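1. Provide a 3D model corresponding to the input given below.
(4 chains, ligands or ions: 4)
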Amino acid sequence: MRLLTFIFTQTGRNVLQSWGLQLMTLLTVTLSVLIFSFFYLIYVNMVQTGVRLGEELRLIVYLDSGLTADEQILFTKKVESFSKVDKVVFITPDEAFAQLRDQLGNDRDVLEDLDSSFLPYSVEIYPHKDLKNLSRIKDFSDYLENLPGTAKVQYGHGWVERFEYFTKLLRFIVIISGSLLILTTMFMVSNTLRLSLYARQKELKVLRYLGATNSYIKGPVLIEGFLLGFVGAGIGLLSLFSLFQWIKSHFAGPSLVNLFKLNFLPWSHCTAILLCSVLLCVLGSLLSIRKFLKI
Amino acid sequence: MRLLTFIFTQTGRNVLQSWGLQLMTLLTVTLSVLIFSFFYLIYVNMVQTGVRLGEELRLIVYLDSGLTADEQILFTKKVESFSKVDKVVFITPDEAFAQLRDQLGNDRDVLEDLDSSFLPYSVEIYPHKDLKNLSRIKDFSDYLENLPGTAKVQYGHGWVERFEYFTKLLRFIVIISGSLLILTTMFMVSNTLRLSLYARQKELKVLRYLGATNSYIKGPVLIEGFLLGFVGAGIGLLSLFSLFQWIKSHFAGPSLVNLFKLNFLPWSHCTAILLCSVLLCVLGSLLSIRKFLKI
Amino acid sequence: MQEHTEDRPTFTFQPSMEDHSEGDEKSIIVELVKVTKIYPPDVVALRNVSFTARKGEIVFLTGASGAGKTTLLKLLCRLERPTKGLIEIGGNDLNKLNSNATQKLRQRIGVAYQDFRLLPRQSVYQNIAMAMEVQFKNKKEIKQRVLELLEKLSLSEKIHKPAGKLSRGEQQRVAIARAAANVPPLILADEPTGNLDPQTTSQVMDLFHELNESGSAIIIATHDKSIYQGTHHQQFELQQGELQRVNS
Amino acid sequence: MQEHTEDRPTFTFQPSMEDHSEGDEKSIIVELVKVTKIYPPDVVALRNVSFTARKGEIVFLTGASGAGKTTLLKLLCRLERPTKGLIEIGGNDLNKLNSNATQKLRQRIGVAYQDFRLLPRQSVYQNIAMAMEVQFKNKKEIKQRVLELLEKLSLSEKIHKPAGKLSRGEQQRVAIARAAANVPPLILADEPTGNLDPQTTSQVMDLFHELNESGSAIIIATHDKSIYQGTHHQQFELQQGELQRVNS
Ligand SMILES: Nc1ncnc2c1ncn2[C@@H]1O[C@H](COP(=O)(O)OP(=O)(O)OP(=O)(O)O)[C@@H](O)[C@H]1O
Ligand SMILES: Nc1ncnc2c1ncn2[C@@H]1O[C@H](COP(=O)(O)OP(=O)(O)OP(=O)(O)O)[C@@H](O)[C@H]1O
Ligand SMILES: [Mg+2]
Ligand SMILES: [Mg+2]
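-> Numbering: from 1, shown residues only, chains lettered A, B, ... in the order given. Ligands and ions are numbered 1, 2, ... in the order given. Down below sits the predicted model:
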């Protein structure tokens, strides 16, 4: 009991005595967590947007105009049975016409006075998630091309390529800046810990000379490390949340809600970040005083 | 002359004696410059892509089908005289038909068996750069709508909105992460300078006690600051360049070359970054020893 | 203190402990057997030193500058390890102590270092109290003891001043007060009067004698003849690392 | 040195300088007039101290611990500023010196601090050489002088050891050697023999006498009677901040 009381008194005293340094260390941790989680947030949202965009990918098979209704259904069944396909939708020329009108958007006037008869029957194929990859889609398209009854296979070449390229680039940038940042952050936190160590090594040494036990020295350092990690990460995450809310309210584009729906990090991730921060700070603190326990 | 020799000897000695710390400081500066210029590079490329995309923006005015050739030319003149317009292109139904085919891409089959006669005459208007802003475009479109002879004004609502939204968001993210980083970096560099100060304040004090003049103390610190800023920023920029080259060679998507053409920072910007780094390091170093000159 | 009984070192002598023999042979507190200390690579600070100090004794250690006095004292509180030889304190072989046992041992040795090792930003009070805090003494007891010591060393006025703002002589007395705070069974004082005038020196020596009477063994390394000349205490001289007894 | 002539302070006395009078009155080097030093908020370290030291004199300053000796010496090398009063060194009013002039002044005063102020990681050689390097002496001259001093203080063996690994007495001698390195016109020594045995003390005093003969004025603050008793040198005593002449 006495040990605990002493440890808490000691911690309080340390924090009060070197509050300038403590504040600096706290700020460092806060900034680091903020930056890290900011990038993580961007990454997560990017991946989600990617998934959402990927879901819109489909292949369209135009069927030979000579096919009978039975053959059409047979064809659909055949494709459906293929394991790499999620969903197959059969589309009549009327439906295709409506779709085209939507696709043309404001240009739809060009279709006035036309009817759907010039469009062929077609089948929309939503490929399985694991197929959503440029080269695989290409193979699949070639396969469909060779099926009897296929007139033409079509998918957004350009769109898929562009998307692939763009997400690849973006992921790359996020990963590179992320690693740069994590490197920098670790460097920074360890620097700051070293700095606060410099300020206190004399005190720790003297305490050892006077016979302070390991727990007497470790105790306050542990608690400080814990508080540092917890409060630092807490403030960092809260700032991120406010920032996120602000961005969201600022950029609420109704027409794009679907594509760019921004989500905050789920609770579980926030908790994980908090725990990691606490763990790292405690470990860092303990590591930084390790050499004094050998005196 | 002797002063100079002494200063250089002293600098060399300092660097050799505390090379661990010096290396750490150098690494800090390098990382900071790398991170800063990395973000700057992203920002610059983003803006360039934005400009390139913006250049593709145009409004299309469909003209009343009843207009005579003279009236059409008159209309074009009228729009051309409008100061906020860069270029006006008159488009015949044939040209529009060809364009539409291009626009439809792989869907162009739907236009088979049709001829251009169902399309109206139209005028393509490339607005002035400073008009490329969602709300202004809207106003301009309304204005055109009310011109006599206009059947319909059309522009890529969705595209412009999306683009506006996306670049706004991206710029926002880059600016926020940039400022976070600059904050962190400044914090880091000043921390590191403080750390190296701790290690040397005793020496500087003793030198003052022994009668070292201002220049004797400032000299080596100045040179060290200069070397630090120069070498640090140099390595940082070189790393960025290698990284850039790698990304570029890795992501050379021929089909997208036009849209995502990546450019490295121009020479002038590199030089500016280098100079800023040198200036900051020298200033920081001088500031950090200022208090010793008062002893 | 009760929750710590189990990890208390076997070294448990205390000032109040009864002599186990009650005869003419008092119990041995410090014993060095053929101790050699070589600072790497080749500085021989102590050479084959054997030495014994008993409970309640005062021992003076003299010798030229650089003879090895401080090294000998550092070996006793395990700030340095001997290159060869055996050191026992209160019957414990110092080579066999683990980290926590070493700390428990240090709690029972009060050391006034030659370079003081005070915390310059902490107050005089805090500097002295620290020695008692690490032993979980209670606040009231600490305050009482610190005030008493400061009174004896005429430092009462400086109680709340940071130690770094005292004169060297005042700092030296704070270091001595810290060593004496716990009334430890063994006190090591390294040049305790180097910065003190004769009057203050006698105050310090009075304190040492008082501690000695309450049962502490005291080892004093010094150049100051005035404090050992004409006393009956044991006196050893170090000459280039070799120990010689001067009187008996 | 020639490019520095213009910013050399007007304080230009040198050991070789001729006395300007050649009469029985030697030139005054240090002059304090009614100097009071109060450390904020309320520690009166010196009270109305007036004091004069002349070229080629040795002056001993005694007084109890905390009497103000160190404070007086710190005022002379401008590490502290007086609260009231006038201090002149070599005819320069210390209150009127700017930063660079202060440094030039310090180059002409050798100080052996009570707490040494050596750089623990630098070698003994480097610690002493530093004092000469800041005056842009050339390498050969520096080496020669350092070796000579170490020889005189029996530290030749330790020349390449880091100062932090020396015994306190050895460190004290390094501090003294550093103060003497430039053969400055004024030497301040604060408790220079506190950690030294009698034999080493006499080596140090020999060095001081030698410097004195070559023209340096020396002010020594000390508690060690053996170094001033029976000498003809001036002796002052500080009592709670007030200065009194003991002999003449
Ligand atoms: N950490 C160390 N590393 C290397 N050599 C050391 C170290 N500490 C002391 N020495 C050397 O060991 C010898 C004995 O040093 P010690 O400090 O024991 O002397 P001392 O008797 O206390 O002298 P003093 O009276 O000057 O304090 C000296 O020659 C010293 O230079
Ligand atoms: N920086 C400081 N701030 C406040 N008080 C101080 C400071 N330095 C010294 N003092 C006080 O001024 C008085 C004179 O101190 P000084 O160091 O001059 O004494 P001293 O004569 O050198 O003593 P000693 O023989 O112990 O070295 C002492 O009471 C001391 O506590
Ligand atoms: Mg010693
Ligand atoms: Mg003093």
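2. center of chain C, which residue is that?
-> In chain C, the C-alpha nearest the mean C-alpha coordinate belongs to C:L188, at 1.7 Å (CA atoms, centre = their mean).
3. Please name the bridge partners of that residue.
-> Beta-bridge pairing for C:L188 (DSSP bridges): C:V111, C:I219.
4. Am I right that it is in contact with C:A179?
-> Yes: with contacts counted by CB atoms under 8 Å, C:L188 reaches C:A179, the gap being 7.5 Å. The C-beta positions use only the backbone N, C-alpha and C, and glycine is treated the same way.
5. Show me what the longest helix seen in chain C is packed up against.
-> Assignment by DSSP state H gives helix C:198-213 as the longest helix of chain C. Contact here means 3 or more CB pairs under 8 Å, 6 or more residues apart in numbering or on different chains; DSSP states H and E; on that basis helix C:198-213 packs against strand C:58-63, helix C:139-152, helix C:168-180, strand C:186-190, strand C:217-221, helix C:225-228.
6. Contacts for that helix, please.
-> C:56-58, C:149, C:152-154, C:169, C:173, C:176, C:180, C:183, C:187, C:189, C:192-193, C:196, C:218, C:220, C:224, C:226-227, D:64-65, D:223, D:225 (CB atoms under 8 Å, 6 or more residues apart in numbering or on different chains).
7. Would you mark the buried spots in it?
-> Within helix C:198-213, the residues scored as buried using 16 or more other CB atoms under 10 Å in any protein chain shown are C:200-201, C:203-205, C:207-208, C:211-212.
8. any idea which residue sits dead centre in chain A?
-> Geometric centre of chain A, nearest residue: A:V44, 1.4 Å, by CA atoms, centre = their mean.
9. I'd like to know how far that one sits from ligand 3.
-> Between A:V44 and ligand 3 the distance is 63 Å, computed by CB to the ion, to the nearest Å.
10. excluding its backbone neighbours, what's nearest that residue?
-> Leaving aside its chain neighbours, A:V44 sits nearest to A:L265 (6.4 Å; criterion: CB to CB, 6 or more residues apart in numbering or on different chains).
11. Check the burial of that neighbour by counting its neighbours.
-> 19 (other CB atoms under 10 Å in any protein chain shown).
12. would you turn the buried residues of helix C:198-213 into a markdown table with pLDDT and distance to D:V134?
-> As requested, the buried residues of helix C:198-213 are exported to a markdown table (pLDDT from 0 to 100; distance: CB to CB, whole Å):
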| residue | pLDDT | distance to D:V134 |
| --- | --- | --- |
| C:T200 | 91 | 37 |
| C:T201 | 93 | 38 |
| C:Q203 | 92 | 41 |
| C:V204 | 93 | 39 |
| C:M205 | 93 | 43 |
| C:L207 | 94 | 44 |
| C:F208 | 94 | 44 |
| C:L211 | 93 | 47 |
| C:N212 | 92 | 49 |
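13. now the strands for chain A?
-> With DSSP state E as the criterion, chain A has strands at A:59-63, A:85-91, A:122-127, A:150-154.
14. Could you dump the ones you listed into JSON lines with mean pLDDT added?
-> Shown next, in JSON lines, are these (pLDDT from 0 to 100):
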{"stretch": "strand A:59-63", "mean pLDDT": "74"}
{"stretch": "strand A:85-91", "mean pLDDT": "74"}
{"stretch": "strand A:122-127", "mean pLDDT": "74"}
{"stretch": "strand A:150-154", "mean pLDDT": "71"}
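15. Perfect, that will be all.
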